[in-house]
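[1] Structure of the sequence below:
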Amino acid sequence: MAGIDDVARHAGVSTATVSRALSGRGPVAAATRDRVAAAAAELGYVVSASASSLATGRTRNIGVVVPFLNRWFYTSVIEGAQRRLMQHGYDLTLYNLSGDDREREKVFDDHLLRQRVDAVIAVSLELTATEITALHTLGKPIVGVGGPIEGVRTLSIDDVAVTKLATEHLLSLGHTRIGHIGGDVDRELAFHLPTNRRLGYEAALRGAGLVPERELYFPAVFTMESGYTAAKQMLGTPRLRPTAIVAASDEMAIGAVLAARDMGLDVPGDLSVIGIDDHELAGFFGLSTVAQHPELQGERAVDVLMEQLHPPRLGTVSETNTALPFDLIVRSSTARPQGRVGGR
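    Okay, the predicted model is just below:
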(Lines give C-alpha, C1' and ligand atoms only; values in the text may rest on other atoms or scores of the structure.)
Protein backbone atom coordinates (compact mmCIF):
# COMPACT_ATOMS: atom_id res chain seq x y z
CA MET A 1 0.00 0.00 0.00
CA ALA A 2 1.35 3.41 -0.98
CA GLY A 3 2.45 5.78 1.79
CA ILE A 4 2.92 9.51 2.01
CA ASP A 5 6.62 9.13 1.04
CA ASP A 6 5.59 7.40 -2.20
CA VAL A 7 3.19 10.23 -3.05
CA ALA A 8 5.86 12.83 -2.31
CA ARG A 9 8.39 11.13 -4.62
CA HIS A 10 5.81 10.65 -7.37
CA ALA A 11 4.74 14.31 -7.22
CA GLY A 12 8.27 15.63 -6.76
CA VAL A 13 7.50 17.46 -3.51
CA SER A 14 8.21 17.06 0.20
CA THR A 15 6.06 14.96 2.54
CA ALA A 16 5.11 18.19 4.35
CA THR A 17 3.73 19.59 1.10
CA VAL A 18 1.75 16.39 0.51
CA SER A 19 0.29 16.69 4.01
CA ARG A 20 -0.73 20.32 3.49
CA ALA A 21 -2.13 19.66 0.02
CA LEU A 22 -4.28 16.69 1.00
CA SER A 23 -5.47 18.09 4.33
CA GLY A 24 -6.34 21.53 2.97
CA ARG A 25 -4.40 23.14 5.81
CA GLY A 26 -1.51 25.45 5.03
CA PRO A 27 -0.43 27.32 1.89
CA VAL A 28 0.05 25.23 -1.26
CA ALA A 29 0.02 26.50 -4.84
CA ALA A 30 -3.02 25.36 -6.83
CA ALA A 31 -0.90 23.61 -9.45
CA THR A 32 1.07 21.77 -6.76
CA ARG A 33 -2.11 20.77 -4.95
CA ASP A 34 -3.50 19.32 -8.19
CA ARG A 35 -0.26 17.44 -8.86
CA VAL A 36 -0.25 15.94 -5.37
CA ALA A 37 -3.92 14.95 -5.66
CA ALA A 38 -3.26 13.29 -9.01
CA ALA A 39 -0.28 11.39 -7.59
CA ALA A 40 -2.29 10.24 -4.58
CA ALA A 41 -5.13 9.06 -6.80
CA GLU A 42 -2.77 7.22 -9.14
CA LEU A 43 -1.08 5.41 -6.26
CA GLY A 44 -4.32 4.77 -4.38
CA TYR A 45 -3.14 6.70 -1.32
CA VAL A 46 -5.81 7.61 1.26
CA VAL A 47 -5.14 9.92 4.20
CA SER A 48 -5.52 8.10 7.52
CA ALA A 49 -8.42 9.67 9.38
CA SER A 50 -7.09 8.53 12.77
CA ALA A 51 -3.59 9.83 12.09
CA SER A 52 -4.94 13.13 10.83
CA SER A 53 -7.11 13.46 13.92
CA LEU A 54 -4.20 12.83 16.24
CA ALA A 55 -2.00 15.31 14.41
CA THR A 56 -4.54 18.12 14.13
CA GLY A 57 -6.93 17.54 17.02
CA ARG A 58 -9.79 17.38 14.52
CA THR A 59 -12.06 14.54 13.52
CA ARG A 60 -13.20 15.97 10.15
CA ASN A 61 -16.71 15.18 11.34
CA ILE A 62 -19.56 17.70 11.62
CA GLY A 63 -22.56 17.28 13.90
CA VAL A 64 -25.94 18.25 12.40
CA VAL A 65 -28.78 18.68 14.91
CA VAL A 66 -32.42 18.66 13.73
CA PRO A 67 -35.77 18.71 15.60
CA PHE A 68 -37.39 16.19 13.23
CA LEU A 69 -36.12 13.55 10.85
CA ASN A 70 -39.43 12.56 9.24
CA ARG A 71 -40.10 15.91 7.56
CA TRP A 72 -39.15 16.70 3.96
CA PHE A 73 -37.61 20.08 4.77
CA TYR A 74 -35.13 18.71 7.30
CA THR A 75 -34.04 15.75 5.21
CA SER A 76 -33.50 18.10 2.26
CA VAL A 77 -31.31 20.44 4.35
CA ILE A 78 -29.33 17.41 5.54
CA GLU A 79 -28.90 16.16 1.98
CA GLY A 80 -27.50 19.52 0.85
CA ALA A 81 -25.16 19.70 3.84
CA GLN A 82 -23.91 16.14 3.40
CA ARG A 83 -23.19 16.69 -0.28
CA ARG A 84 -21.14 19.80 0.43
CA LEU A 85 -19.32 18.21 3.38
CA MET A 86 -18.22 15.33 1.15
CA GLN A 87 -16.67 17.84 -1.22
CA HIS A 88 -14.61 19.18 1.67
CA GLY A 89 -13.64 15.71 2.92
CA TYR A 90 -15.82 15.81 6.03
CA ASP A 91 -18.21 13.24 7.49
CA LEU A 92 -21.61 14.02 9.02
CA THR A 93 -23.09 12.76 12.29
CA LEU A 94 -26.82 13.33 12.66
CA TYR A 95 -28.57 14.08 15.95
CA ASN A 96 -32.38 13.90 15.87
CA LEU A 97 -34.06 15.73 18.76
CA SER A 98 -37.61 14.49 18.21
CA GLY A 99 -37.75 13.15 21.77
CA ASP A 100 -38.12 15.02 25.05
CA ASP A 101 -35.95 17.74 26.63
CA ARG A 102 -33.77 15.14 28.36
CA GLU A 103 -32.71 13.84 24.96
CA ARG A 104 -31.71 17.34 23.89
CA GLU A 105 -29.71 17.83 27.09
CA LYS A 106 -27.89 14.55 26.49
CA VAL A 107 -26.91 15.57 22.97
CA PHE A 108 -25.60 19.01 23.96
CA ASP A 109 -24.16 18.07 27.36
CA ASP A 110 -22.60 14.79 26.29
CA HIS A 111 -22.34 13.76 22.63
CA LEU A 112 -21.38 17.11 21.08
CA LEU A 113 -18.95 17.91 23.89
CA ARG A 114 -16.94 14.68 23.80
CA GLN A 115 -14.73 15.93 20.97
CA ARG A 116 -16.58 13.70 18.49
CA VAL A 117 -17.30 16.56 16.10
CA ASP A 118 -15.32 19.57 14.92
CA ALA A 119 -18.34 21.85 14.55
CA VAL A 120 -22.14 21.93 14.72
CA ILE A 121 -24.94 22.88 12.32
CA ALA A 122 -28.25 23.48 14.11
CA VAL A 123 -31.29 23.33 11.82
CA SER A 124 -34.43 25.19 12.98
CA LEU A 125 -33.32 25.14 16.61
CA GLU A 126 -33.10 28.17 18.86
CA LEU A 127 -30.02 27.28 20.89
CA THR A 128 -29.95 28.31 24.53
CA ALA A 129 -27.24 30.55 25.96
CA THR A 130 -25.94 27.55 27.94
CA GLU A 131 -25.66 25.38 24.81
CA ILE A 132 -23.90 28.13 22.85
CA THR A 133 -21.45 28.86 25.68
CA ALA A 134 -20.57 25.17 26.12
CA LEU A 135 -19.77 24.76 22.40
CA HIS A 136 -17.83 28.02 22.20
CA THR A 137 -15.82 27.12 25.31
CA LEU A 138 -14.57 23.99 23.56
CA GLY A 139 -13.78 25.96 20.43
CA LYS A 140 -16.48 24.30 18.31
CA PRO A 141 -17.81 26.60 15.58
CA ILE A 142 -21.60 26.75 15.21
CA VAL A 143 -23.85 27.65 12.28
CA GLY A 144 -27.60 27.98 12.65
CA VAL A 145 -30.17 27.50 9.89
CA GLY A 146 -33.64 28.99 10.30
CA GLY A 147 -33.30 32.24 12.20
CA PRO A 148 -31.00 34.58 14.13
CA ILE A 149 -29.18 33.23 17.21
CA GLU A 150 -27.21 35.67 19.33
CA GLY A 151 -23.47 35.14 18.98
CA VAL A 152 -23.83 32.54 16.20
CA ARG A 153 -23.46 32.78 12.42
CA THR A 154 -26.88 31.98 10.98
CA LEU A 155 -28.75 31.69 7.70
CA SER A 156 -32.48 32.20 7.25
CA ILE A 157 -35.24 33.20 4.90
CA ASP A 158 -37.56 36.09 5.74
CA ASP A 159 -40.69 34.20 6.82
CA VAL A 160 -42.81 37.36 6.82
CA ALA A 161 -41.73 38.24 3.28
CA VAL A 162 -42.24 34.67 2.04
CA THR A 163 -45.92 34.49 3.02
CA LYS A 164 -46.49 38.08 1.95
CA LEU A 165 -45.25 37.14 -1.54
CA ALA A 166 -47.53 34.08 -1.69
CA THR A 167 -50.55 36.15 -0.62
CA GLU A 168 -49.72 38.95 -3.04
CA HIS A 169 -49.75 36.42 -5.86
CA LEU A 170 -53.35 35.55 -5.00
CA LEU A 171 -54.26 39.23 -4.70
CA SER A 172 -52.75 39.91 -8.12
CA LEU A 173 -55.11 37.34 -9.61
CA GLY A 174 -58.11 39.20 -8.18
CA HIS A 175 -58.80 37.24 -4.99
CA THR A 176 -59.94 39.33 -2.05
CA ARG A 177 -61.30 36.62 0.24
CA ILE A 178 -58.22 34.62 1.08
CA GLY A 179 -57.91 32.05 3.86
CA HIS A 180 -54.73 31.11 5.69
CA ILE A 181 -53.76 27.69 7.04
CA GLY A 182 -50.85 28.44 9.32
CA GLY A 183 -48.91 26.91 12.14
CA ASP A 184 -50.49 26.61 15.56
CA VAL A 185 -49.13 29.56 17.57
CA ASP A 186 -49.86 27.61 20.77
CA ARG A 187 -47.34 25.01 19.55
CA GLU A 188 -44.89 27.59 18.23
CA LEU A 189 -41.91 26.23 16.34
CA ALA A 190 -38.43 27.71 16.65
CA PHE A 191 -37.96 31.32 15.58
CA HIS A 192 -41.74 32.03 15.77
CA LEU A 193 -42.24 30.67 12.26
CA PRO A 194 -46.07 30.28 12.48
CA THR A 195 -46.48 33.83 13.80
CA ASN A 196 -44.15 35.35 11.22
CA ARG A 197 -45.86 33.61 8.31
CA ARG A 198 -49.26 34.76 9.56
CA LEU A 199 -47.90 38.31 9.83
CA GLY A 200 -46.80 38.15 6.19
CA TYR A 201 -50.27 37.01 5.13
CA GLU A 202 -51.95 39.80 7.08
CA ALA A 203 -49.49 42.43 5.84
CA ALA A 204 -50.30 41.56 2.22
CA LEU A 205 -54.03 41.87 2.88
CA ARG A 206 -53.65 45.21 4.62
CA GLY A 207 -51.41 46.42 1.82
CA ALA A 208 -54.31 45.74 -0.55
CA GLY A 209 -56.75 47.62 1.67
CA LEU A 210 -58.33 44.45 3.12
CA VAL A 211 -58.95 43.57 6.75
CA PRO A 212 -57.81 40.07 7.84
CA GLU A 213 -60.79 38.00 9.02
CA ARG A 214 -60.36 35.79 12.04
CA GLU A 215 -62.71 33.10 10.65
CA LEU A 216 -60.41 32.63 7.66
CA TYR A 217 -57.41 31.58 9.76
CA PHE A 218 -57.10 27.91 10.75
CA PRO A 219 -54.09 26.47 12.61
CA ALA A 220 -52.40 23.20 11.66
CA VAL A 221 -49.12 21.40 12.37
CA PHE A 222 -47.29 21.44 9.02
CA THR A 223 -48.50 18.03 7.81
CA MET A 224 -50.81 17.01 4.95
CA GLU A 225 -53.26 15.49 7.41
CA SER A 226 -53.55 18.66 9.47
CA GLY A 227 -53.83 20.78 6.32
CA TYR A 228 -56.64 18.52 5.10
CA THR A 229 -58.52 18.86 8.39
CA ALA A 230 -58.08 22.65 8.55
CA ALA A 231 -59.24 23.08 4.94
CA LYS A 232 -62.34 20.96 5.57
CA GLN A 233 -63.26 23.28 8.44
CA MET A 234 -62.52 26.42 6.43
CA LEU A 235 -64.49 25.30 3.39
CA GLY A 236 -67.38 23.75 5.31
CA THR A 237 -69.55 26.88 5.44
CA PRO A 238 -70.35 28.05 1.88
CA ARG A 239 -71.20 31.64 2.84
CA LEU A 240 -67.82 32.05 4.57
CA ARG A 241 -65.85 30.07 2.01
CA PRO A 242 -62.77 31.84 0.58
CA THR A 243 -61.83 31.73 -3.10
CA ALA A 244 -58.18 31.12 -2.26
CA ILE A 245 -55.99 29.67 0.47
CA VAL A 246 -52.37 30.41 1.31
CA ALA A 247 -50.83 27.67 3.44
CA ALA A 248 -47.69 28.09 5.54
CA SER A 249 -46.20 24.94 4.02
CA ASP A 250 -46.63 22.85 0.88
CA GLU A 251 -47.65 19.79 2.87
CA MET A 252 -50.56 21.71 4.40
CA ALA A 253 -51.36 23.16 0.96
CA ILE A 254 -51.50 19.66 -0.58
CA GLY A 255 -53.82 18.64 2.24
CA ALA A 256 -56.05 21.62 1.35
CA VAL A 257 -56.10 20.60 -2.34
CA LEU A 258 -57.17 17.07 -1.40
CA ALA A 259 -59.84 18.38 0.97
CA ALA A 260 -61.26 20.70 -1.70
CA ARG A 261 -61.44 17.86 -4.23
CA ASP A 262 -63.16 15.58 -1.70
CA MET A 263 -65.76 18.32 -1.19
CA GLY A 264 -66.45 18.50 -4.93
CA LEU A 265 -64.58 21.77 -5.46
CA ASP A 266 -62.37 22.36 -8.47
CA VAL A 267 -58.81 23.58 -7.97
CA PRO A 268 -58.25 26.25 -9.22
CA GLY A 269 -61.73 26.83 -10.68
CA ASP A 270 -63.50 27.11 -7.32
CA LEU A 271 -60.47 27.49 -5.08
CA SER A 272 -56.89 28.59 -5.64
CA VAL A 273 -54.23 27.16 -3.31
CA ILE A 274 -50.61 28.21 -2.80
CA GLY A 275 -48.01 26.87 -0.37
CA ILE A 276 -44.44 27.51 0.77
CA ASP A 277 -41.45 25.19 0.27
CA ASP A 278 -41.47 23.71 -3.24
CA HIS A 279 -41.86 20.26 -1.71
CA GLU A 280 -40.86 17.29 -3.86
CA LEU A 281 -44.58 16.58 -4.43
CA ALA A 282 -45.49 20.17 -5.34
CA GLY A 283 -44.94 19.64 -9.06
CA PHE A 284 -46.97 16.42 -9.05
CA PHE A 285 -49.96 18.28 -7.58
CA GLY A 286 -49.41 21.32 -9.82
CA LEU A 287 -49.03 23.39 -6.65
CA SER A 288 -48.07 27.04 -6.87
CA THR A 289 -45.57 27.78 -4.12
CA VAL A 290 -42.75 29.93 -2.83
CA ALA A 291 -39.56 27.86 -3.02
CA GLN A 292 -37.15 28.17 -0.11
CA HIS A 293 -34.47 25.78 -1.50
CA PRO A 294 -33.68 23.66 1.59
CA GLU A 295 -30.81 21.76 -0.06
CA LEU A 296 -29.18 25.10 -0.87
CA GLN A 297 -29.63 26.08 2.78
CA GLY A 298 -27.66 23.00 3.82
CA GLU A 299 -24.91 23.74 1.29
CA ARG A 300 -24.65 27.38 2.36
CA ALA A 301 -24.48 26.36 6.03
CA VAL A 302 -21.44 24.18 5.27
CA ASP A 303 -19.82 27.01 3.31
CA VAL A 304 -20.17 29.33 6.31
CA LEU A 305 -18.86 26.61 8.63
CA MET A 306 -15.78 26.07 6.46
CA GLU A 307 -15.02 29.80 6.73
CA GLN A 308 -14.82 29.31 10.49
CA LEU A 309 -12.84 26.06 10.40
CA HIS A 310 -10.48 27.31 7.68
CA PRO A 311 -10.54 31.13 7.81
CA PRO A 312 -9.50 32.79 4.54
CA ARG A 313 -6.33 34.86 4.63
CA LEU A 314 -8.21 38.08 3.98
CA GLY A 315 -10.45 37.64 7.01
CA THR A 316 -13.84 36.12 7.70
CA VAL A 317 -17.26 37.36 6.71
CA SER A 318 -18.52 39.90 9.25
CA GLU A 319 -22.28 39.47 8.86
CA THR A 320 -24.02 37.48 11.59
CA ASN A 321 -27.16 36.46 9.67
CA THR A 322 -27.18 35.67 5.96
CA ALA A 323 -30.49 36.14 4.14
CA LEU A 324 -31.35 33.16 1.95
CA PRO A 325 -33.18 33.38 -1.40
CA PHE A 326 -36.78 32.39 -2.10
CA ASP A 327 -38.74 32.37 -5.37
CA LEU A 328 -42.37 32.37 -6.46
CA ILE A 329 -43.22 29.34 -8.62
CA VAL A 330 -46.60 29.54 -10.35
CA ARG A 331 -48.25 26.27 -11.35
CA SER A 332 -51.82 25.17 -12.04
CA SER A 333 -53.31 25.40 -8.53
CA THR A 334 -53.83 29.19 -8.72
CA ALA A 335 -55.98 31.18 -11.16
CA ARG A 336 -58.33 34.13 -11.30
CA PRO A 337 -61.50 33.66 -9.20
CA GLN A 338 -64.51 32.50 -11.19
CA GLY A 339 -68.13 33.39 -10.53
CA ARG A 340 -67.83 35.55 -7.46
CA VAL A 341 -65.28 38.08 -8.67
CA GLY A 342 -63.09 39.13 -5.79
CA GLY A 343 -64.52 36.33 -3.68
CA ARG A 344 -67.60 38.22 -2.44
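[2] which stretches of this protein form helices?
    Here the chain has its helices, by DSSP state H, at 4-11, 15-23, 30-43, 49-56, 72-87, 101-109, 129-137, 159-172, 193-207, 224-235, 250-262, 294-309.
[3] Mind checking the ones you listed for the one nearest to residue 63?
    In terms of CB to CB, the element of these nearest to residue 63 is helix 101-109, at 8.4 Å. Backbone N, C-alpha and C define where each C-beta goes, glycine included.
[4] which residue is nearest the centroid of the protein?
    Centrality entry for the chain: nearest residue to the mean C-alpha point is residue 294, 4.0 Å, by CA atoms, centre = their mean.
[5] what's the burial count for the closest residue in space to it that isn't next to it in sequence?
    Closest residue to residue 294 apart from its sequence neighbours, by CB to CB, 6 or more residues apart in numbering: residue 76 at 3.7 Å. Other residues near residue 76 number 21, with proximity taken as other CB atoms under 10 Å.
[6] Residue 299 is in contact with residue 76, correct?
    No: contact criterion CB atoms under 8 Å: residue 76 and residue 299 do not qualify, at 10.8 Å.
[7] Would you mind measuring from residue 282 to residue 83?
    As judged by CB to CB, to the nearest Å, residue 282 and residue 83 stand 21 Å apart.
[8] Tell me which of those two has more neighbours.
    Shown here are residue 282 and residue 83; by other CB under 10 Å, residue 282 has more neighbours (22 against 14).
[9] My read is that the more buried one contacts residue 292, right?
    No: contact criterion CB under 8 Å: residue 282 and residue 292 do not qualify, at 11.6 Å.
[10] For the residue nearest to the centre of the chain, give me its contacts.
    Applying CB atoms under 8 Å, 6 or more residues apart in numbering to residue 294 gives the contacts 72, 73, 74, 76, 77, 80, 277.
[11] Closest one of those residues to residue 159?
    Of all the contacts of residue 294, the one with the least separation from residue 159 (CB to CB) is residue 277, at 11.9 Å.
[12] What degree of burial does the residue nearest to that closest one when sequence neighbours are not counted show, as a neighbour count?
    Leaving aside its sequence neighbours, residue 277 sits nearest to residue 250 (CB to CB, 6+ apart; 4.0 Å). By the measure other CB under 10 Å, the count of residues near residue 250 is 30.
[13] ok, so what distance separates residue 250 from residue 96?
    22 Å.
[14] Ok, residue 289 next?
    Counting by CB to CB, the gap from residue 289 to residue 96 is 26 Å.
[15] the more surrounded of the two?
    Counted by other CB under 10 Å, residue 289 and residue 96 do not tie: residue 289 has more neighbours, with 30 against 15.
[16] Now the more buried one. Nearest residue, chain neighbours left out?
    Per CB to CB, 6+ apart, closest to residue 289 is residue 275, 4.6 Å.
[17] Please spell out which residues along stretch 239-254 are buried.
    Using 16 or more other CB atoms under 10 Å as the test for burial, stretch 239-254 gives 241-254.
[18] what residues go with each domain of this structure?
    With domains defined by automatic domain parsing, the chain comprises 4-47, 61-157+295-325, 159-292+328-343.
[19] Looking at these, which one is packed in the most?
    Most buried of the domains of the chain, by mean neighbour count (mean count of other CB atoms under 10 Å): domain 159-292+328-343, with a mean of 20.
[20] from the chain's centre, how far out does that domain sit?
    How far domain 159-292+328-343 lies from its chain's middle: 21 Å, per CA atoms, centre = their mean, to the nearest Å.
[21] lowest confidence element among the helices and strands of the chain?
    Within the chain, no helix or strand scores below helix 49-56, which has a mean of 45 by mean pLDDT, DSSP states H and E.
[22] remind me which residues of this structure are low pLDDT?
    Low-confidence segments of the chain (pLDDT under 70): 1, 24-26, 46-58, 99, 113-115, 185-190, 312-319, 339-344.
[23] Report the separation between the residue of it positioned farthest from its centre and residue 3.
    The C-alpha centroid of the chain is most remote from residue 9, which lies 45.1 Å away (CA atoms, centre = their mean). Remark: distance between residue 9 and residue 3 (CB to CB) = 10 Å.
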